[in-house]
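Quick one, fold the following:
(chains A and B)
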Amino acid sequence: MHRHQAFEPLSRTDQRERKSRVQSTSRPLCGVLPLTPLFVLLALPILISACSSGQNSPHPTAASSALVIQNKGSDTIVNLALAWAEAYMKMHPEVRISVTGGGSGTGIAAMINGTVDIANASREIKKEEYEAAKANGHAPTEFVIARDAIAIVVHPSNPVKGLTLQQISEIYTGRITNWREVGGADDPIVLLSRESNSGTYQYMLENVIRLGDSKSKLLFSSETLLMPSSEGISSEIRHNPHAIGYDGLGYVTADQKVLGVAKDAKSPLIQPSAATVNSGAYPISRPLYMYTAQPPTGKIKEYMDWILNEGQTLVSELGFVPLH
Amino acid sequence: MLGFSTVAFVLLIFLFLLREGTPFFFEVPLENFLGTGWYPTFDSFGVLPLLLGSILVTLTSIVIALPLGVATAVCVREVAPAWTREILKPMIEVLAGIPSVVLGFFGMTLLAPFIREALGVPTGLTAFTGALLLAYMALPTIISVAEDALDAVPKSYRDAALAMGATRWQTIWRVVVPGARSGILIAVMLGMGRAIGETMAVMMVTGNAARLPLSLDSIFRPVRTMTATIAAEMGEVADGSTHYHALFGLGLVLFILTFIINLAAAPAILQRRRGGGLR
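The predicted structure follows:
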């Protein structure tokens, strides 16, 4: 949690969505234990190069030994998965868990190819991926492991209390350009977004800007400022009374104002929180998944059970919404 | 021997860029490439906003840095007494050593809010903010090279001008600075090369909005430069995808642009060599 709050400009994207990251605790060839979190960040480029050979080739022990659990996929989840792995390995020294990012698609592809035990995904498995896994003799099993709310944030001095999804869409496509049009002061709106290959950007585009309409061709306005990091967004929100931004609930600091969001003009404004996300009242939230190639057994089953129960206490620490 | 290896490295880098970048120009039709929208995740690869963004930021930074740099060089070399020079020179060299990330952080947290309030623009993350930081970064280069050029103007020029009754001010601006103009041109080109390739600070303060900077107020609006685009997106693209090739295509455009800038400086460099002195 505190790790990704730290300003870290070299990672153009924030921790949750970084592609190439390696948790090397299970790989003796990297030999960098023990690492403080900060040092992990600093050493990341070195780790990536040092470990890339091992990372790209199927891990030989993944299938043969139950002691090593390979976990790979979504960058949104990678921090949470790391926290789980670290906590679990502390309690069960006989189990080694290796966590890698790379993106939801990468993780699922690796599961299909049988090179990982657990794939992390911030989206549901696609039909083609499911078919491909079945063709390889797998029976992909889905676990919803946490939920993620996306908060709409503005400067604390902004009088606007909330927006409907339709208004957010019109603001981000550039049809509404002044705060006056949504009940604020007569000021221009400055649009802030994450970079275009962030999963959060994709989610906002599909579910908010396009309002879930798969035929829609709407895009973010070209006036949108694409910020290289979460810190970039929060810094601009803190300083600029005209700005609007969005980010995972866990990244919102106390000096930003979180807007309520309404499904449509008739619905009430809902503030994002664990309760409103779990009840489904807050409209901009998504489940996060883990997939195993087979219904899990043995050590992997124990680990999944732990994640779904005791492990949930770590979820809110990392800014996600626990299942219960 | 080392010199040759440098040439070889540049060639190899160019070949690598060509290999990774040229597929882009085949994969993407020309009208898409020359379009005005950069939405790489939706197969819209309009390079124009990025190219113009880079050019806008670089030129503005040179417009800011050139008068400052030359004036500083004149001050250090011609006006300041020896002991001040002893202090100023190392200080200027320290300027060059400040990491661009630090400058970018400074720009993001202090300069951008200041510019927003001082100029009354919607956001302080603008091309101008980036240009200010780049000017600051290009200054040490411009000052050092310009200073060397001034130093190389023969003392006889100054003596002659003063003997003919010119004041010190006239001597400096009418004789010494014009005498050093090819060196100053090189300073500008080197400064420009520094500015156009700078990534980190620019990415942090220019807002990275891929808008076409054609309106008059564009300088005070956000822009997205080619370097920032490559840096922001390279970590996340799939190897061998069109987007991947597009980013190398951008790298190729940058390389060619820098090459043209250096080529433009070449006559001045050659002339300087023929003249024998560093002038």
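
And the helices in the stretch 51-200 of chain B?
B:82-97, B:100-106, B:112-119, B:127-151, B:155-163, B:168-170, B:177-179, B:181-197, B:200-205 (DSSP state H, counting those that start in this stretch).

most packed of the ones you listed?
Among the helices of the stretch 51-200 of chain B, ranked by average contacts under mean count of other Cβ atoms under 10 Å in any protein chain shown, first place goes to helix B:200-205 (a mean of 30). For glycine as for every other residue, the C-beta is placed from the backbone atoms N, C-alpha and C.

helices or strands up against that one?
Counting contacts by 3 or more Cβ pairs under 8 Å, 6 or more residues apart in numbering or on different chains; DSSP states H and E, helix B:200-205 is packed against helix B:100-106, helix B:127-151, helix B:226-234.

Can you give me the first-to-last residue distance of stretch A:101-117?
14 Å (Cα to Cα, to the nearest Å).

does residue A:78 sit in a helix, a strand or a coil?
For residue A:78, the assignment made with DSSP: H, G, I helix; E, B strand; the rest coil gives helix.

can you tell me how far the residue lying closest to it once chain neighbours are set aside sits from residue A:121?
What sits nearest to residue A:78 in space, not counting adjacent residues and going by Cβ to Cβ, 6 or more residues apart in numbering or on different chains, is residue A:101, at 4.2 Å. Distance, residue A:101 to residue A:121, by Cβ to Cβ, to the nearest Å: 12 Å.

Give the residues shared as contacts by the two.
Both residue A:101 and residue A:121 are contacted by A:73, A:74, under the criterion Cβ atoms under 8 Å, 6 or more residues apart in numbering or on different chains.

Could you find the residue nearest the spatial middle of chain A?
residue A:76 (2.2 Å; Cα atoms, centre = their mean).

Tell me which residues touch residue B:153, please.
With the criterion set at Cβ under 8 Å, 6+ apart, residue B:153 makes contact with B:175, B:176, B:179, B:180, B:279.

ok, so of those, who is nearest residue B:15?
Of all the contacts of residue B:153, residue B:15 sits closest to residue B:279, with 35.9 Å by Cβ to Cβ.

ok, back up a step: the residue nearest to the centre of chain A contacts residue A:107, correct?
No. Contact criterion Cβ atoms under 8 Å: residue A:76 and residue A:107 do not qualify, at 11.1 Å.

so which of the helices and strands packed on helix B:200-205 comes closest to residue B:114?
helix B:127-151 (9.1 Å).

Quick one: mean pLDDT over that closest one.
The average pLDDT within helix B:127-151 is 92.

now swap in stretch B:229-239 and tell me
pLDDT averaged over stretch B:229-239 gives 77.

What ranges in chain B fall below the confidence cut-off?
Along chain B, segments meeting pLDDT under 70 span B:235-239, B:272-279.

Quick test: name the residue nearest the centre of it.
So for chain B, Cα atoms, centre = their mean, it's residue B:195, sitting 2.1 Å from the centre.

which SS state does residue A:138 fall under?
Strictly by three-state DSSP, residue A:138 counts as coil.

cool, residue A:142 as well?
For residue A:142, the assignment made with three-state DSSP gives strand.

wait, doesn't it sit right on residue A:287?
No. Counting by Cβ under 8 Å, residue A:142 sits too far from residue A:287 to count as a contact (9.7 Å).

Compare those two (neighbour count), which wins?
Between residue A:142 and residue A:287, residue A:287 has the larger neighbour count (other Cβ atoms under 10 Å in any protein chain shown), namely 18 against 14.

which neighbours does the helix or strand where the more buried one lies have in its sheet, and in what orientation?
Secondary structure assignment for residue A:287, by DSSP states H and E: strand A:285-292. Taking DSSP bridges as the criterion, strand A:285-292 forms sheet pairs with strand A:118-121 (antiparallel), strand A:141-154 (antiparallel).

And the contacts of that strand?
Under Cβ under 8 Å, 6+ apart, the answer for strand A:285-292 is A:74, A:76-77, A:80, A:107-108, A:111, A:117-125, A:140-150, A:203, A:207, A:272, A:277, A:300, A:304, A:307, A:320-321.

Of those residues, which qualify as buried by neighbour count?
Neighbour-count burial (16 or more other Cβ atoms under 10 Å in any protein chain shown) is assigned, among the contacts of strand A:285-292, to A:74, A:76-77, A:80, A:107-108, A:111, A:117-123, A:125, A:140, A:143, A:145-150, A:203, A:207, A:272, A:277, A:300, A:304, A:307, A:320-321.

can you list the residues of the stretch 51-200 of chain A near chain B?
Residues of the stretch 51-200 of chain A that fall close to chain B, judged by Cβ under 8 Å from any Cβ of the partner chain: A:103, A:187, A:188, A:189, A:190, A:191, A:195, A:196, A:197, A:198.

Out of those residues, which is nearest to residue B:65?
Set against residue B:65, the nearest of these by Cβ to Cβ is residue A:190 (27.9 Å).

circling back: want to throw the residues of the stretch 51-200 of chain A next to chain B into a markdown table with secondary structure and neighbour count?
Output for those, formatted as a markdown table (DSSP: H, G, I helix; E, B strand; the rest coil; neighbours: other Cβ atoms under 10 Å in any protein chain shown):
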| residue | secondary structure | neighbour count |
| --- | --- | --- |
| A:103 | coil | 25 |
| A:187 | coil | 13 |
| A:188 | strand | 14 |
| A:189 | coil | 23 |
| A:190 | strand | 28 |
| A:191 | strand | 27 |
| A:195 | coil | 23 |
| A:196 | coil | 24 |
| A:197 | coil | 23 |
| A:198 | coil | 26 |
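
Let me have the residues you listed in CSV, extended by pLDDT and distance to residue B:226.
Listed next are these as CSV, based on pLDDT from 0 to 100; distance: Cβ to Cβ, whole Å:
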residue, pLDDT, distance to residue B:226
A:103, 75, 24
A:187, 92, 31
A:188, 93, 27
A:189, 95, 27
A:190, 94, 23
A:191, 94, 22
A:195, 80, 15
A:196, 75, 15
A:197, 64, 17
A:198, 68, 20
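
residues in chain B within reach of chain A, list them.
B:36-42, B:49, B:101, B:104-105, B:108-109, B:112-113, B:116, B:122-125, B:200, B:203-204, B:207-212, B:221-222, B:224, B:228, B:231-233, B:235-237.

rerun that using 6 Å as the cut-off
Residues of chain B lying near chain A by Cβ under 6 Å from any Cβ of the partner chain: B:39, B:41, B:101, B:108, B:113, B:122-123, B:125, B:203, B:207-211, B:222, B:231-232, B:235-236.

List the buried residues for stretch A:178-186?
Per 16+ other Cβ under 10 Å, stretch A:178-186 contains these buried residues: A:179, A:182, A:184.

Tell me where the model's unsure across chain A.
Looking at chain A by pLDDT under 70, you get A:1-66, A:197-199.

so where do the helices sit in it?
A:2-5, A:37-56, A:60-64, A:75-91, A:104-112, A:127-135, A:165-172, A:199-204, A:230-239, A:274-278, A:298-308, A:312-317 (DSSP state H).
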